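> please find the sequence and the predicted model below.
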Amino acid sequence: MVDVQPEFLHSFIGKSATELPTPAFVLSKPIVQKNCQRVHDDVKSLGIKFRPHVKTLKSEDVTRLMLGDVSRACVASTLREIRGLLPLAKEGLLNEVLYGLPIRPSALPQLLEYSKTVKVLVMIDHESQIDALEAFAAANSVTTAWSAFIKIDMGSQRAGQPLTSPHLKPLINRIESSSAVSVYGFYCHAGHSYGSRSKEAAAAVLHDEVNAAAEATALMQKPDTPVVISFGSTPTAHVVSALKKSLPSNMTLELHAGNFPANDLQQLGTACIGEQDQAIRILSEVCSVYPERNEALINAGCIALAREPGPIPGYGRVVGNTEWHVGRVSQEHGILTSHAEEGKKQKAEEAFKVGDMVFVHIQHACITAAAHFYYFVVDEQDIVREIWFPWKGW
Ligand SMILES: Cc1ncc(COP(=O)(O)O)c(C=O)c1O
């Protein structure tokens with residue numbers, strides 16, 4: 001059973017983040033707000049639509065900030081996330097949610113139930129999924145066709161059909177002729193944008209995403225059908241203002257992104273954000289120091305930080321002393337190692353002493369957040385003001 005005692009957690013409200021029980025997930029609300037504002041300003045000035053993905057911080061509070069006054073649509077990666085979004089739909093803040101995994105038959109009964117509250121869109125990348133939707137419609141007397149995004153694989157070989165696939169055109173045409181599902185648009189998610197090391201490189205991926213979706217529309221039997229071209233990832237969202245593309249009038253452009261409210265070392269590695277744009281820090285405590293190997297031990301291991309790699313070495317980096325990284329992790333142990341040049345390394349016993357509170361920036365917000373059951377939300381002065389509870393499970 002999860003040991004979450006709201007009275008205990010709320011007793012930290014008004015206290016400084018350094019007084020929290022460690023390891024603690026500390027989320028800066030002003031940084032989340034600023035990160036959301038940046039994307040909102042860009043989509044407003046470009047006049048395109050916006051569909052935030054809720055998978056990173058999986059919470060009602062963060063979703064409100066991500067939607068702001070620019071969007072009434074989301075992507076979710078689990079049914080649990082969609083259930084969490086239903087109160088926002090009831091409030092009139094959300095009109096539609098895309099279930100962002102290619103649709104699997106056993107999800108349909110729940111999605112049909114949720115669609116009484118919010119319009120649910122599905123993702124398609126295989127003809128069998130259309131068979132499943134048709135069979136489900138027939139068995140359950142569903143008369144409204146599901147709106148579908150067709151997923152284009154941009155080279156990451158995760159989900160979707162590549163533009164070169166001989167299956168893509170038959171898939172699109174089959175949807176066009178089905179009574180159970182209709183083409184809403186094309187969805188391109190270039191996960192490889194994380195390999196960008198400059199804004200220019202991220203902007204090139206951005207244009208690849210939009211071009212791929214636009215090319216896919218040419219495979220439609222009725223290419224003039226109104227379609228939404230959904231593109232994005234957080235690195236390409238950070239450079240969306242570079243978008244220079246005029247599309248035919250039947251195509252509506254929509255940006256999707258998920259990590260952007262949080263940001264992390266992987267995003268920092270793309271050179272599209274700055275150190276100060278990272279909203280998450282894990283508070284840990286120094287448990288021991290080892291002068292002979294010039295290392296220190298903190299109580300944040302891979303359970304608290306995640307074992308995610310990135311262009312910046314280690315599984316985390318000490319905030320305020322970036323020479324020190326979490327060089328190794330096991331379950332609850334994190335080992336701080338110096339990444340300064342040989343001969344210039346600070347001594348571990350000078351940098352840390354047992355009992356020091358150490359904030360760590362993390363590699364990948366989506367994975368780290370998934371390990372935490374509550375977020376301590378701080379203001380500009382690092383005072384805990386709120387506790388947010390993310391949606392857990394599937
Ligand atoms: C289908 C889909 N859309 C959008 C996103 C959001 O991408 P990012 O986290 O880079 O913003 C993801 C992330 O994995 C995704 O899987």
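Noted; the coordinates are in hand.

> could you list the low-confidence segments of the stretch 201-350 of the chain?
The stretch 201-350 of the chain contains residues with pLDDT under 70 at 245.

> list, one by one, the residues from it near the ligand.
Taking Cβ under 6 Å from any ligand atom as the measure of proximity, the stretch 201-350 of the chain contacts the ligand at Ser233, Thr234, His256, Ala257, Gly258, Asn259, Phe260. Where C-beta positions appear, they are placed from N, C-alpha and C, glycine not excepted.

> correct me, but Gly191 touches Ser156?
Yes. If you go by Cβ atoms under 8 Å, Gly191 and Ser156 touch, sitting 4.0 Å apart.

> direction included, what does the helix or strand hosting Ile282 pair up with?
Taking DSSP states H and E as the criterion, Ile282 maps to strand 280-290. Here strand 280-290 is paired, per DSSP bridges, with strand 24-28 (antiparallel), strand 295-298 (antiparallel), strand 357-362 (antiparallel).

> list the contacts of the first one.
Contacts made with strand 24-28 from outside it, assessed by Cβ atoms under 8 Å, 6 or more residues apart in numbering, are listed as 17, 20, 57, 262, 279-283, 359, 368-369, 372, 374-379, 382, 388.

> can you map out the strands along the stretch 151-300 of the chain?
Along the stretch 151-300 of the chain, counting by DSSP state E, counting those that start in this stretch, strands occupy 181-188, 227-231, 251-257, 280-290, 295-298.

> tell me the most buried of those?
strand 227-231 (a mean of 26; mean count of other Cβ atoms under 10 Å).

> can you count the residues close to Ser198?
By other Cβ atoms under 10 Å, 12 other residues sit near Ser198.

> how about the residues of the stretch 51-200 of the chain by the ligand?
His53, Val75, Gly100, His189.

> distance of the second one relative to Gly68?
Counting by Cβ to Cβ, to the nearest Å, the gap from Val75 to Gly68 is 16 Å.

> please name the bridge partners of Leu253.
Ile229.

> list the contacts for it?
Leu46, Ile48, Lys49, Val210, Val228, Ile229, Phe231, Leu243, Lys245, Leu247.

> narrow those to those in helices?
Cross-referencing the contacts of Leu253 against helices under DSSP state H gives Leu46, Val210.

> and the buried ones among the contacts of Leu253, selectable in ChimeraX?
To isolate in ChimeraX the members of the contacts of Leu253 that are buried, counting by 16 or more other Cβ atoms under 10 Å, one can use:
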select :46,48,49,210,228,229,231,243
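
> which one of the contacts of Leu253 is nearest Ala132?
Val228 (22.7 Å; Cβ to Cβ).

> adding neighbour count, write the residues of the stretch 51-200 of the chain next to the ligand out as CSV.
Below are these laid out as CSV (neighbours: other Cβ atoms under 10 Å):
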residue, neighbour count
His53, 23
Val75, 26
Gly100, 25
His189, 26
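
> so which of those residues belong to strands?
Here DSSP state E is the test, and those give Val75, Gly100 as lying in strands.

> returning to that earlier point: just the buried members of the contacts of strand 24-28?
So, by 16+ other Cβ under 10 Å, the buried ones in those are 17, 20, 57, 262, 279-283, 359, 368-369, 372, 374-378, 388.

> beta partners for the nearest residue to Thr22 once chain neighbours are set aside?
Among residues not flanking Thr22 along the chain, Glu285 sits closest, at 4.4 Å (Cβ to Cβ, 6 or more residues apart in numbering). Here Glu285 sits in beta bridges with Met357, going by DSSP bridges.

> surely Pro87 is in contact with Glu60?
Yes. When contacts are counted by Cβ under 8 Å, Pro87 is listed as touching Glu60 (6.5 Å).

> quick one: which of these two has more around it?
Glu60 (18 against 13).

> surely that one meets Gly84?
Yes. Using Cβ under 8 Å, Glu60 is in contact with Gly84, at 6.1 Å.

> domain boundaries for this structure, per the record?
For the chain, the structural domains run 6-25+266-388, 48-262, going by automatic domain parsing.

> could you dump those domains into CSV and include distance to Val32?
Formatted as CSV, these follow (distance: least, Cβ to Cβ, whole Å):
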stretch, distance to Val32
domain 6-25+266-388, 5
domain 48-262, 5
